[in-house]
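*Asks:* show me the folded form of this:
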Amino acid sequence: MGQTPQFSDPVLAILESALLATGPLSIERIEALFEEEERPSRDVLRVAIRTLAENCSGRALELVEVANGWRYQVRREWVPWLGREGHSARYSRALLETLALIAYRQPITRAQIEAIRGVTASSSVFKTLLEKEWVRIVGHQATPGRPALYGTTKQFLDHFNLASVANLPKLPALSDLEKE
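*Replies:* The predicted structure follows:
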């Protein structure tokens, strides 16, 4: 049985400060916070992360792992109170359908999305998704015209609190939907 790594309070303070001041931090970015000669081991950093996460117990915020690393965020049950101050972003059905198709069927072309949806895909939808950095062009299909292949990004995963696309909700089988 391994011994629990020991760490000093400054490691916790530095890590907590960095997580509060920036977006998600990967283990590599956390290591880069420290000079090489004072850098704690990855085991120590993982214990520090776990300690900070445990310190959030019973609080309105939590430390979660997303695609780009760890970040603090408001717990889901308190989010409705935040939306009362201003208004949250509303996205069109076309944008959400397009994003869902890219997320679940990536890599996918615009023509494939149009065939599934049964309507022409708006350029503004793709422009918005690319500007938000939720999707990117991951390559080109080896067919005439070499259409772009779209896939999701780490920013998409971070925005929707996912560590990977494997964490997307499972889709019900088509036969289940037809029964409803």
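
*Asks:* tell me the span between the first and last residue of stretch 114-126.
*Replies:* Length of stretch 114-126, first residue to last, CA to CA, to the nearest Å: 12 Å.

*Asks:* that stretch: how far from the chain's middle?
*Replies:* Chain-centre distance of stretch 114-126: 24 Å, with CA atoms, centre = their mean, to the nearest Å.

*Asks:* next one: stretch 162-170
*Replies:* With CA atoms, centre = their mean, you get 9 Å for stretch 162-170.

*Asks:* residues of that stretch that come out buried?
*Replies:* residue 162 (16 or more other CB atoms under 10 Å). To be clear about C-beta, it is placed using only N, CA and C from the backbone, and glycine gets the same treatment.

*Asks:* pLDDT of that stretch, averaged?
*Replies:* The pLDDT scores in stretch 162-170 average 88.

*Asks:* also stretch 50-61?
*Replies:* 92.

*Asks:* got the buried residues for it?
*Replies:* residue 52.

*Asks:* end to end, how far does it reach?
*Replies:* First residue to last in stretch 50-61 (CA to CA) measures 14 Å.

*Asks:* contacts for it?
*Replies:* 12, 15-16, 19, 62-63, 72-75, 78 (CB atoms under 8 Å, 6 or more residues apart in numbering).

*Asks:* try it again at 6 Å.
*Replies:* 16, 62-63, 72, 74-75, 78 (CB atoms under 6 Å, 6 or more residues apart in numbering).

*Asks:* those, buried ones only, as a PyMOL selection?
*Replies:* What follows is the PyMOL syntax for the buried subset of the contacts of stretch 50-61, where burial is set by 16+ other CB under 10 Å:
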select buried, resi 16+63
